[in-house]
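> Based on what follows, work out the 3D shape:
(one chain, ligands or ions: 1)
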Amino acid sequence: MKPKPIAYCFEEHDNNSIFLPKDVARLFCPRCGSKLTRDFIDPTFVPTKKTLDLSATLDGFAIASLRCKETFEALKVGGVRFRPISEASKFWLFEVLQVVKYDADRPGTRKEGFCSACNQFVSVIGFKHSNLQGLAALDSDGIYRTDVEFASGHEKAPVFIVGTGLAEKLRSAKLKGTYLDPIYPVDSAPSR
Ligand SMILES: [Zn+2]
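Model prediction:
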């Protein structure tokens, strides 16, 4: 019998854009180039691909369309924030506030090049479902981000995880640019 997913990764398509302006030096570690903050909004930002409801910038920010914002509001999803980019913009910064723990010391994930200037690893490579912690305790209608961010330097981004109930609703909503990747219980899915 096929096991049932216990949660889903909620993934978004790349939009080929960069959110943080490169010329604002205080946003980046001078030694390794990693982001030092996510608390900056460039009001002139417009994604290169404008037709996606949720998409990821090359520097690890999630960008939402009005349709995405209205869908999450209609579903009354807690723990997400849609930050306006500007009054005129048709896009919002999509932020997930609740956290799920990820054990980056387990096999399948590599941490490389600890930077003592910004106190983070330059690269965290290899996201593995079985390294997620405490999935059984998640709210079926909740959305979470991993406490670890993946990729290298300024590209690093968390992975979004949704409960099975919310996944069902998001599947019906058909937000353009989004994918749901099932996560199976560890003992039933040795390959992931
Ligand atoms: Zn650094």
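> When you work out contacts or count neighbours from here on, use the C-alpha atoms and nothing else.
OK.
> how about low-confidence regions in the protein?
Within the chain, the stretches with pLDDT under 70 are 188-192.
> Where do the helices of it begin and end?
66-74, 164-173 (DSSP state H).
> quick check: longest strand of the chain.
Using DSSP state E, we find that the single longest strand of the chain is strand 7-14.
> List the contacts of residue 124.
By C-alpha atoms under 8 Å, 6 or more residues apart in numbering, residue 124 lies in contact with 104, 109, 110, 111, 112, 149, 150, 151, 152, 156.
> Close to the ion: what parts of the protein are there?
Residues of the chain that fall close to the ion, judged by C-alpha under 5 Å from the ion: 29, 32, 115, 117, 118.
> Now for the fourth one: which residues touch it?
With contacts defined as C-alpha under 8 Å, 6+ apart, the neighbours of residue 117 are 29, 31.
> now the last one
With contacts taken as C-alpha under 8 Å, 6+ apart, residue 118 has the following neighbours: 29, 34, 36.
> ok, the second one to residue 61 distance?
Shown here: residue 34 relative to residue 61, a distance of 13 Å by C-alpha to C-alpha, to the nearest Å.
> now do residue 116
Residue 116 is 24 Å from residue 61, by C-alpha to C-alpha.
> For those two, work out which one has more neighbours and name it.
residue 61 (22 against 10; other C-alpha atoms under 10 Å).
> leaving aside the residues next to it on the chain, what's closest to residue 112?
In space, and not counting its chain neighbours, residue 112 is closest to residue 123: 5.1 Å by C-alpha to C-alpha, 6 or more residues apart in numbering.
> and the one you found, bridged to which residues?
residue 112, residue 152 (DSSP bridges).
> I'd like to know how many residues surround it.
22.
> Pretty sure it sits against residue 104.
No: Residue 123 is beyond contact range of residue 104, at 11.3 Å (criterion: C-alpha atoms under 8 Å).
> From the centre of the protein, point out the most distant residue.
Distance to the chain centre peaks in the chain at residue 1, reaching 31.3 Å (criterion: C-alpha atoms, centre = their mean).
> and it, how far is that from residue 165?
21 Å.
> again with residue 174
Taking C-alpha to C-alpha, one finds residue 174 at 15 Å from residue 165.
> Residue 44 now?
36 Å.
> Show me which of the two is the more surrounded one.
residue 165 (14 against 10).
> Fine by me, thanks again.
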